[in-house]
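A.B. asks: kindly return the folded structure for what I paste below:
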Amino acid sequence: MPGSPHAKLEVLTDLIYGALFGETSWQAFLDALAATMPDAKSTLFFHDAVARAGGLSLSSGLENTETEAYNRYYAAINPWMPRAATRPIGLGVVADQMLPREQLLKTEFYNDYIRWIGCESSVGVTIMRERGRSFNLSTLTSSADPDFNRSNAELLSELAPHLRRAFDFIRREHRDPNNENGLALFDAIGVGIVYIGEDQNIRSINSAAERMIAEGEVIGVTSTGRIMINDGELASRLSALLRNRLQTASPATTLMRMKNTSFKCTLVKMQSDFITEFLEGPTVAMIIERASLPLRPDLNDALLRIDQLTAAEMRIAAGIAAGLSLREVARTNDVSYETARSHLKNIYSKLGVNSQVGLVRRLMP
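C.D. replies: From the prediction side, this is the model:
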């Protein structure tokens, strides 16, 4: 990227806030950052110092095979990360500050990975650190000139406060991603839904799920608000879904015998952008349905689609699913009929239906 350091900072700062508000993308920001150094590969990535694991969340200049190799193997042996795990937050540094170059040249990481991707060194900054896990911005480069690299590390120091503000804003916006309206929608269709976060803590649970859980002993809730599962297969699957960041997985379904009936329990890892995944951790939705009802093979897809609805759209969909007319839904939610109809059109588009009958069929068992 040509221009003075001030001009580079101004362009990159604009891209950060543009990505935050949807005017551009985080990929565009990384592409522009990579242009500030020769043969550069810029990446946003997380690293867990306790588990000695990490992953490249989003990158510019890296091939898929290079990203996969890092996530699968090289993250665990990255010799820069022990120092990166303790360096001051917001302070851009060059690789030599984390590990002397003469030591780096002797490592498997340098000889089999860094040289493989055409690089020699890097600059990086830790944007935030929580519970031993750090979220970092790094640029790998073919430049081994410490003075040149140091000027780019200073650029990262100046970008860090803007990135932190952007991510704090995202956290506030996603603090309760599974809002009460979404839970009410599943209540309206008679389906239990529990949103589960890291350490199996319950983030949200609807009334239907509470009633179903109370009917049996396979699933329970501890006094500290953690989900408790007495089915080995289901418990193992939940643990795996919460552990594997940045990885998608197919839904897992188990039939559970309760006191008076049986329930079908399905686990679905919710989709989220890489920033939300880091800030909030993975979220798994536990869907609980009465097995006496017809099986719903499309409910997992419906769940993911419903998660795309806004709070206002969820209120409208919940009212329709509960059997109210659109005019009744409008009055209940204190909005005009035209506003309710506009929301309904958006719901049709997002859920792939074209009528109220189709909406109810889509949602109801």
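A.B. asks: state the mean pLDDT of stretch 85-94.
C.D. replies: Confidence over stretch 85-94 (mean pLDDT, whole number) is 91.
A.B. asks: give me the contact list for that stretch.
C.D. replies: Stretch 85-94 is contacted from outside by 47, 49, 97-98, 121-129, 132, 134, 146, 149-150, 152-157, 160-161, 164, using CB atoms under 8 Å, 6 or more residues apart in numbering. The C-beta positions use only the backbone N, C-alpha and C, and glycine is treated the same way.
A.B. asks: in strands, which of the residues you listed fall?
C.D. replies: 47, 121-129, 134 (DSSP state E).
A.B. asks: out of those, which is most surrounded?
C.D. replies: The most crowded member of those, judged by other CB atoms under 10 Å, is residue 123 (29 neighbours).
A.B. asks: can you pull the contacts of that one?
C.D. replies: Here residue 123 is in contact with 37, 92-95, 138-139, 141, 149-150, 152-153, 156 (CB under 8 Å, 6+ apart).
A.B. asks: including neighbour count and distance to residue 284, could the residues you listed go into TSV?
C.D. replies: Shown next, in TSV, are the contacts of residue 123 (neighbours: other CB atoms under 10 Å; distance: CB to CB, whole Å):
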residue	neighbour count	distance to residue 284
37	24	39
92	25	36
93	23	36
94	25	39
95	28	37
138	23	29
139	28	34
141	27	38
149	24	41
150	16	43
152	21	39
153	20	38
156	27	34
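A.B. asks: just these: which are in helices?
C.D. replies: Of the contacts of residue 123, the ones assigned to helices by DSSP state H are 95, 149-150, 152-153, 156.
A.B. asks: and the residue nearest to residue 48 when sequence neighbours are not counted, how far from residue 81?
C.D. replies: With CB to CB, 6 or more residues apart in numbering as the measure, residue 133 is the residue that lies nearest to residue 48, at 4.8 Å, once sequence neighbours are left out. Distance, residue 133 to residue 81, using CB to CB, to the nearest Å: 11 Å.
A.B. asks: what's the answer for residue 110, then?
C.D. replies: 14 Å.
A.B. asks: can I assume residue 196 is in contact with residue 284?
C.D. replies: Yes: in this structure, residue 196 is within contact of residue 284 by CB atoms under 8 Å, at 4.8 Å.
A.B. asks: hey, what's in contact with both of the two?
C.D. replies: Counting by CB under 8 Å, 6+ apart, the residues touching both residue 196 and residue 284 are 238, 242.
A.B. asks: show me where the protein has its strands.
C.D. replies: Assigned by DSSP E, the strands in the chain fall at 41-48, 53-60, 93-94, 121-130, 133-141, 192-196, 202-205, 219-221, 227-229, 252-257, 262-269, 284-290.
A.B. asks: which of these has the lowest average pLDDT?
C.D. replies: The minimum mean pLDDT among those belongs to strand 252-257 (a mean of 57).
A.B. asks: same drill for residue 133 and residue 81, tell me which one is more crowded.
C.D. replies: Neighbour count, other CB under 10 Å: between residue 133 and residue 81, residue 81 has more, with 22 against 19.
A.B. asks: was I right about residue 316 contacting residue 343?
C.D. replies: Yes: with contact defined as CB under 8 Å, residue 316 reaches residue 343; the gap is 4.5 Å.
A.B. asks: look at the two and report which has more neighbours.
C.D. replies: Taking other CB under 10 Å, residue 316 and residue 343 do not tie; residue 316 has more neighbours (29 against 23).
A.B. asks: who are the contact partners of the more buried one?
C.D. replies: 326, 329, 333, 340, 343-344, 347.
A.B. asks: how near is it to residue 308?
C.D. replies: Look at residue 316 and residue 308: by CB to CB, they are 14 Å apart.
A.B. asks: one step back: of the ones in helices among the contacts of residue 123, just say which sits nearest to residue 5.
C.D. replies: Residue 5 has its nearest neighbour among those in residue 152, at 9.1 Å by CB to CB.
A.B. asks: and that closest one, what does it touch?
C.D. replies: Residue 152 neighbours (CB under 8 Å, 6+ apart): 36-37, 92, 123, 139, 141.
A.B. asks: that older thread, now the residue nearest to residue 48: how far from residue 155?
C.D. replies: Noted for residue 133: a distance of 25 Å to residue 155, by CB to CB.
A.B. asks: do residue 264 as well
C.D. replies: Residue 264 is 54 Å from residue 155, where distance means CB to CB.
A.B. asks: neighbour-wise, which of these two wins?
C.D. replies: Set side by side, residue 264 and residue 155 show more neighbours around residue 155, with 21 against 18, by other CB under 10 Å.
A.B. asks: all set, thanks.
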